[in-house]
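K.L.:
Any chance you could fold what I've pasted below:
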Amino acid sequence: MERFAPSRKRPRTIIKNYRLVNLRSTTPEELYQRKIDNEEYGEALSLAQTYELDSDLVYQRQWRKSAVSVASIQDYLSKIKKRSWVLHECLERVPENVDAAKELLQYGLKGTDLEALIATGKREDGGRFILPGDIDIDELLYEEFLTPEEEAEYRKEQEAIKYQELLELVDFSKLTLEQKELCRCRLKLLTYLDRLATYEEILGGPHAAEQNYDAEFFRKFRNQNIVLSARTYARESNVRGLEILFTYHGSDLLPYRLPVLSNFPETTSPHEYSFLLPEACYRQNALEIVPWSERKHREEDWCEGPPC
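P.N.:
Numbering: from 1, shown residues only. Just a heads-up that it's a prediction; the model follows:
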């Protein structure tokens, strides 16, 4: 009923007065930096496009402020052009989960491949982070209706042919300083990937690694002398970890096999690690040491070959 309704309030008119205090002249660079500092990234990118400024600064700030993940690599890191900066992040930053760590290292490898090495030698890169182009498969006859398995095999053959052609274009005896630095970064990335794969094995496989991965431990493990790591595992009586190190890093560890094994505590039963001890057998009436069964995480890369 109307008599129960609240009384109507009279509308009020509000007038606001604004006074212009001053005008300040600023350069596009200063305004651009201010927008980045205020995290107004959209406006900063518009300024960069309008005044031809370095858009890397925006993506660098976003990358540094975000956690490393597959999404942040695609959204921010992949849009940064400066090669030295991107490689530094790939080498120095250690993500908090194993999948992101693997993705970051693999992304760095893509930018240090043969195409980037050749472009750097010709000084056509301009310091940019170069990703390899897709394989041209125009010669593929679609009317043949190849099965997915046959098409994958065809792609693999084409990649091998292109790889060999690119390798022949590189004269490893005349590498520039930039090319040598690129090779050095690639070797380090491959070492980190191998250590990550070893760490996954020690943790119990990829699934277990997702749960038990420790970023701080991996930061130390990937740079540590592998003999020192083996000695630490021996002192902790970690037989499984030591077995994996011998298997995947045998060329570095097996020459020090007995000194490493001597670090097992006296309280650890020798029966637990007896299979790690060297074994001998008679072959053709001669006593020989049975070689340890070694394995590799991957095939040898071009930068690990004798020419490079």
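
K.L.:
residues making contact with stretch 266-280?
P.N.:
237, 239, 242-243, 246, 257-258, 261, 264, 287-290 (C-beta atoms under 8 Å, 6 or more residues apart in numbering). Placement of C-beta: from N, CA and C, glycine included.

K.L.:
mind running it again at 10 Å?
P.N.:
234-239, 242-243, 246, 254, 257-258, 260-261, 264, 287-292 (C-beta atoms under 10 Å, 6 or more residues apart in numbering).

K.L.:
what's the average pLDDT for that stretch?
P.N.:
Taken as a whole, stretch 266-280 carries a mean pLDDT of 93.

K.L.:
repeat for stretch 112-130
P.N.:
Stretch 112-130 comes out at a mean pLDDT of 86.

K.L.:
Buried residues in that stretch, which are they?
P.N.:
112-121, 125, 128-130 (16 or more other C-beta atoms under 10 Å).

K.L.:
Excluding chain neighbours, give the residue nearest to residue 281 in space.
P.N.:
residue 290 (5.7 Å; C-beta to C-beta, 6 or more residues apart in numbering).

K.L.:
Distance-wise, check the one you found relative to residue 47.
P.N.:
Look at residue 290 and residue 47: by C-beta to C-beta, to the nearest Å, they are 68 Å apart.

K.L.:
The host helix or strand of residue 165: what's the following helix or strand?
P.N.:
If you go by DSSP states H and E, residue 165 is part of helix 148-168. Sequence-wise, the next helix or strand downstream of helix 148-168 (DSSP H and E) is helix 177-203.

K.L.:
Give the other helices and strands that that next one contacts.
P.N.:
Secondary-structure packing of helix 177-203 (3 or more C-beta pairs under 10 Å, 6 or more residues apart in numbering; DSSP states H and E): helix 83-92, helix 98-110, helix 114-121, helix 206-212, helix 215-223, helix 226-235, helix 239-248.

K.L.:
and it, which residues are buried?
P.N.:
Neighbour-count burial for helix 177-203 [16+ other C-beta under 10 Å]: 178-179, 181-183, 185-186, 188-190, 192-203.

K.L.:
In contact with residue 99, which residues are there?
P.N.:
Contacts of residue 99 by C-beta under 10 Å, 6+ apart are 69, 70, 206, 209, 210, 213.

K.L.:
I'd say residue 52 and residue 28 touch.
P.N.:
Yes - using C-beta atoms under 10 Å, residue 52 makes contact with residue 28 at a distance of 9.3 Å.

K.L.:
Settle it for me: which of those two has more neighbours?
P.N.:
Between residue 52 and residue 28, residue 28 has the larger neighbour count (other C-beta atoms under 10 Å), namely 13 against 8.

K.L.:
What score does the residue lying closest to the more buried one once chain neighbours are set aside have for pLDDT?
P.N.:
Excluding the flanking residues, the one nearest residue 28 by C-beta to C-beta, 6+ apart is residue 51, at 4.1 Å. At residue 51, the predicted lDDT confidence score is 93.

K.L.:
right, and residue 51 touches residue 35 too?
P.N.:
No - Residue 51 sits out of contact with residue 35 when judged by C-beta under 10 Å, with a separation of 11.8 Å.

K.L.:
Need the residues touching each of the two.
P.N.:
Contacts common to residue 51 and residue 35, judged by C-beta under 10 Å, 6+ apart, are absent.

K.L.:
These two: which is more packed in?
P.N.:
Neighbour count, other C-beta under 10 Å: between residue 51 and residue 35, residue 35 has more, with 19 against 12.

K.L.:
Just confirm the more buried one contacts residue 42, I think it does.
P.N.:
Yes - contact criterion C-beta under 10 Å: residue 35 and residue 42 qualify, at 8.8 Å.

K.L.:
re earlier: so which of the helices and strands packed on helix 177-203 is nearest residue 165?
P.N.:
helix 114-121 (9.3 Å; C-beta to C-beta).

K.L.:
Check which helices and strands that closest one sits against.
P.N.:
helix 148-168, helix 177-203.

K.L.:
tell me which residues of the first one are tucked away?
P.N.:
In other words, helix 148-168. Those would be 154, 162, 166, 167, for helix 148-168 by 16+ other C-beta under 10 Å.

K.L.:
For the third one, give me its contacts.
P.N.:
Contacts for residue 166 were tallied using C-beta under 10 Å, 6+ apart; they are 113, 114, 115, 117, 118, 132, 302.

K.L.:
Which neighbours do residue 35 and residue 42 have in common?
P.N.:
By C-beta under 10 Å, 6+ apart, the residues touching both residue 35 and residue 42 are residue 58.

K.L.:
Spatially central residue (nearest the centroid) of the chain, please.
P.N.:
Note on the chain: the residue nearest the mean C-alpha position is residue 105, at 1.1 Å, using C-alpha atoms, centre = their mean.
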